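1. I'll drop the sequence and a predicted model, then ask my questions.
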Amino acid sequence: MQDLEIDSALSFGIASGESKTFAYAHHRNSETEVKLFASVCTQPQPKFQPKSVDQFDPVRLKLSVNEYSDGTGTQYASEHFKNGVAMPVILAKNDFYITIEAPVDIDSDFEGNWNVRIVVTEHQPAKADRDALIWLDTDSNSVLFTTSLISAEQNRTPLPYSIFVYADDDLSIVSLRHSYCAMQSGGYIASDVSSGGGSVLTDTILGNGTRQLLLAGELEPDLTYRAYLTSPYTALPNANLGTVHTSMSFTTSPADESCEIIYDLPFCNGIAYKVPSNSSFTRTELARYYDEVALNYYTGFDKTLQQVQCDVANTSRYTWLRTCDDCRASYKNWLCLTTIPRCMSPTTVTSRSSLKLRQNYTQNRNFNVVWAESSYFELLPCIFTCHSIMQDCPALLDFHCPLPGRGLLNAYGLLNETQRKGDAFDSHDPICNFVGNLPVSAAKILGLDISLSISIACVVGAMLIM
């Protein structure tokens, strides 16, 4: 019989028909609430092809907590593991004993043993956040997610979240879907911490606030997977415990799609989606190239803006409603969206008018190095990104946006009446492309009812989407 120490993990194996008992010495003189974390890391595998997760019920372990080692006296807890975990809370006055029992007579249908991890602690378990995982994009061999907003305590190194990707029909891991150690031990296909993956913090995706971006790569095209979002239990750093928050299925793009996800760009830091690509670029090279092209355009614009008196009193500035910093931000936002086109599958777009089929070339004629190896659909940037420059920048820049009937729908997409101030880009129901949150001005311009005071459709001294 092994002893369990407070806050220390104990890992062990157990075979069919076995039971194992562990002793815990209560170290306080008073009645104390004690939490028990028991997780199945691996379990026997079926000799048949399972059709439902219920077919793994015969291999569920049983946990009991008793006053004495022979199972007599007060019984503090008795339960079967559910979804790979058992987590009873015990009001302990004295020492107690924990017994794990494995089912018998499973050898005809299953093979292998269980590996289990168990911890006793007085710390409060971390709650699962079922809304923490947000899908951003997929290409033919990778997927990009972001998370819900991260608190100040989570903004740390190592990063708070990880994803583990399995086949969507892997019912063995589904039956252990609440077990943190199962996610790490179950033979995952991809992860943000494995080859081809990556993870960074960002404050420019889906509006204000810090989130974590997570990329899992080296997947196969046109297959359906399931990603599980996990986080370590920081209160017990040496116990290797954690929380499985939620999961989400996704399907990779077909092999012939000439688009690849890029993210974490130094200049265009709001870009986190798939873009036209070809096999001569790695993901890192592709991101660097797009970003450098946008930065080069921006540098020329900024030199022009330096001719404007920006750091002056409101009464002397080009408008008391805006500053040159507002102008720079709007121009950067527009420039990154128009320089870095967004690939989008036509099956995911409600407004097909915002999709343009591009035949083996990039969006801008001056930007002709990254040639897609096949045709692709581009989700056009929203027209408000252009109007924002006209609203925020000095008139002497002579920047104009297209008018309805004069090229607007060839270059930009329109919002609809469901879009409101503060909305973020919805990858599941995209209307047109933008980054961050919708500003007030954008939410007001929902259709073609645009003031005719806007000048002729041209952009002087700036790049125009062709």
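-> Nice, thanks for sending it over. The structure presented is a predicted model; accordingly, all values stated were derived computationally and were not measured. Numbering: from 1, shown residues only.

2. what residue spans form the domains of the protein?
-> Following automatic domain parsing, the chain resolves into domains at 2-121, 133-251, 268-444.

3. chain center to the longest one: distance?
-> Averaging C-alpha coordinates over domain 268-444 and over its chain gives two centres that are 23 Å apart (Cα atoms, centre = their mean, to the nearest Å).

4. the shortest one too?
-> Centroid displacement of domain 133-251 relative to its chain, using Cα atoms, centre = their mean, is 7 Å.

5. span of that domain from start to end?
-> The stretch domain 133-251 measures 16 Å between its terminal residues, going by Cα to Cα, to the nearest Å.

6. nearest to residue 259, out of the domains of the chain?
-> Distances from residue 259 to each of the domains of the chain were compared using Cβ to Cβ; the shortest belongs to domain 268-444, at 3.5 Å. Using the backbone N, CA and C atoms, a C-beta is placed for each residue, glycine as well.

7. for the closest one, give the mean pLDDT please.
-> Mean pLDDT, taken over the full extent of domain 268-444, equals 81.

8. any chance of the domains of the chain in a markdown table, plus mean neighbour count and distance to residue 258?
-> Conversion of the domains of the chain to a markdown table gives the following (neighbours: other Cβ atoms under 10 Å; distance: least, Cβ to Cβ, whole Å):
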| stretch | mean neighbour count | distance to residue 258 |
| --- | --- | --- |
| domain 2-121 | 16 | 36 |
| domain 133-251 | 19 | 9 |
| domain 268-444 | 18 | 4 |
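
9. could you verify that residue 116 is part of a strand?
-> Yes: membership of residue 116 in a strand is supported by DSSP: H, G, I helix; E, B strand; the rest coil.

10. still on that earlier bit, JSON lines for the domains of the chain, including distance to residue 262?
-> JSON lines is the format used below for the domains of the chain (distance: least, Cβ to Cβ, whole Å):
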{"stretch": "domain 2-121", "distance to residue 262": "35"}
{"stretch": "domain 133-251", "distance to residue 262": "9"}
{"stretch": "domain 268-444", "distance to residue 262": "4"}
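
11. residue 45 contacts residue 171, doesn't it?
-> No: judged on Cβ atoms under 8 Å, residue 45 makes no contact with residue 171 at a distance of 10.5 Å.

12. relative to residue 304, how far out is residue 297?
-> Between residue 297 and residue 304 the distance, using Cβ to Cβ, to the nearest Å, works out to 11 Å.

13. likewise for residue 356?
-> When Cβ to Cβ is applied, the distance between residue 356 and residue 304 equals 29 Å.

14. equivalent analysis for residue 262, please.
-> Relative to residue 304, and taking Cβ to Cβ, residue 262 is found at 28 Å.

15. who are the contact partners of residue 243?
-> Under the criterion of Cβ atoms under 8 Å, 6 or more residues apart in numbering, the contact list for residue 243 reads 125-128, 180, 230-231, 233.

16. repeat for residue 133
-> Counted by Cβ under 8 Å, 6+ apart, residue 133 has contacts 145, 147, 163, 227, 229, 245-248.

17. now it, nearest residue through space, not along the chain?
-> Counting by Cβ to Cβ, 6 or more residues apart in numbering, residue 133 lies nearest to residue 229, which is 4.3 Å off, once chain neighbours are set aside.

18. confirm the one you found sits in a strand?
-> Yes: using three-state DSSP, the secondary structure at residue 229 is a strand.

19. return the residues in contact with it.
-> If you count contacts by Cβ under 8 Å, 6+ apart, then residue 229 has 132-133, 145, 147, 161-163, 214, 244-248 around it.

20. try it again with 10 Å
-> 128-130, 132-134, 145, 147-148, 161-164, 183, 212, 214, 243-248 (Cβ atoms under 10 Å, 6 or more residues apart in numbering).

21. those in helices, which ones?
-> residue 183 (DSSP state H).

22. from the contacts of residue 229, which land in strands?
-> When strands are assigned by DSSP state E, the members of these inside them are 133-134, 145, 147, 162-164, 212, 214, 243-248.

23. from the residues you listed, which single one is nearest residue 284?
-> The nearest member of the ones in strands among the contacts of residue 229 to residue 284, counting by Cβ to Cβ, is residue 214 at 16.8 Å.

24. report the beta-bridge partners for that closest one.
-> Residue 214 has the following beta-bridge partners by DSSP bridges: residue 145, residue 199.

25. out of the contacts of residue 243, who's nearest residue 221?
-> Checking those one by one against residue 221 (Cβ to Cβ), the nearest turns out to be residue 230, at 25.7 Å.

26. right, and that closest one touches residue 161 too?
-> Yes: judged on Cβ atoms under 10 Å, residue 230 makes contact with residue 161 at a distance of 6.9 Å.

27. let me see the contact set for the most centrally placed residue in the chain.
-> When the chain is reduced to its mean C-alpha position, the nearest residue by Cα atoms, centre = their mean turns out to be residue 145, at 2.0 Å. For residue 145, the contacting residues are 132-138, 161, 163, 192, 199, 211-216, 227, 229, 248, 250, 272, 427, taking Cβ under 10 Å, 6+ apart as the criterion.

28. mutual contacts of residue 230 and residue 161, please.
-> Between them, residue 230 and residue 161 share these contacting residues under Cβ under 10 Å, 6+ apart: 242-243, 245.

29. which one of those is nearest residue 286?
-> The closest of those, once distances to residue 286 are taken by Cβ to Cβ, is residue 245, at 30.7 Å.
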